[in-house]
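J.: sequence and predicted structure, then a few things I'm wondering about:
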Amino acid sequence: QVQLVESGGGLVQAGGSLRLSCRASGRTFSSYAMAWIRQAPGKERESVAAISRIGGTTLYADSVKGRFTISRDNAKNTVDLQMNSLKPEDTAVYYCAARRSGETLKASFYDYWGQGTQVTVAS
């Protein structure tokens, strides 16, 4: 089992940047594919980025492609999401999630979730 804690959310103006970080507990972090998944009020969950266990493969939702970058450091048990050129529609609670199998953008396939961090983009 893995426990996840996100940090780095906040309020930013449109066009600005934020970097989210997720720290995982345990010794088997490299056994998990990781994802960042967001949920805005009244909307369904949306996986915005996913990364493979070793970090060689990344996936992005079309809505963030070219603006967001996911990365991981297995030595530090962390996965980050660099968000650039933020838009008001990026406003949501962002969750870090893990699964033991391969990376995917299907949010329902992830077994372990953090508590979430709020990102608000002002216009």
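T.: Everything's here; your move. Numbers count the residues shown, from 1 in each chain.
J.: any idea how far the residue minimising distance to the centre of the chain lies from residue 123?
T.: Of all residues in the chain, the one closest to the mean position by CA atoms, centre = their mean is residue 36, 2.0 Å from it. Distance of residue 36 to residue 123, given as CB to CB, to the nearest Å: 22 Å. All C-beta atoms are positioned from the backbone trio N, CA, C, and that covers glycine.
J.: returning to that earlier point: hmm, residue 70 and the residue nearest to the centre of the chain touching each other?
T.: Yes. Between residue 36 and residue 70 there is a contact at 6.3 Å, judged by CB atoms under 8 Å.
J.: now do the shared contacts for those two.
T.: Counting by CB atoms under 8 Å, 6 or more residues apart in numbering, the contacts common to residue 36 and residue 70 are 49-50, 79, 81.
J.: just name the closest of these to residue 108, please.
T.: Distance to residue 108, by CB to CB, is smallest for residue 50 among the shared contacts of residue 36 and residue 70, at 13.0 Å.
J.: ok, the closest one - contacts?
T.: With contact set as CB under 8 Å, 6+ apart, residue 50 has these partners: 33-36, 58-59, 70, 103-105.
J.: try it again with 7 Å
T.: By CB atoms under 7 Å, 6 or more residues apart in numbering, the residues touching residue 50 are 33-35, 58-59, 103-105.
J.: can you give me the helices in this protein?
T.: Assigned by DSSP state H, the chain shows no helices.
J.: which regions of it lie under the pLDDT threshold?
T.: When residues are selected by pLDDT under 70, none of them lie in the chain.
J.: how about the nearest residue to residue 68 once chain neighbours are set aside: which residues does it bridge to?
T.: Once flanking residues are discounted, residue 68 sits nearest to residue 83: 5.1 Å by CB to CB, 6 or more residues apart in numbering. For residue 83, the beta-bridge partners are residue 18, residue 68 (DSSP bridges).
J.: residue 83: how many residues sit nearby?
T.: Residues near residue 83, counting by other CB atoms under 10 Å, number 25.
J.: so it touches residue 69, yeah?
T.: No. Residue 83 is beyond contact range of residue 69, at 8.3 Å (criterion: CB atoms under 7 Å).
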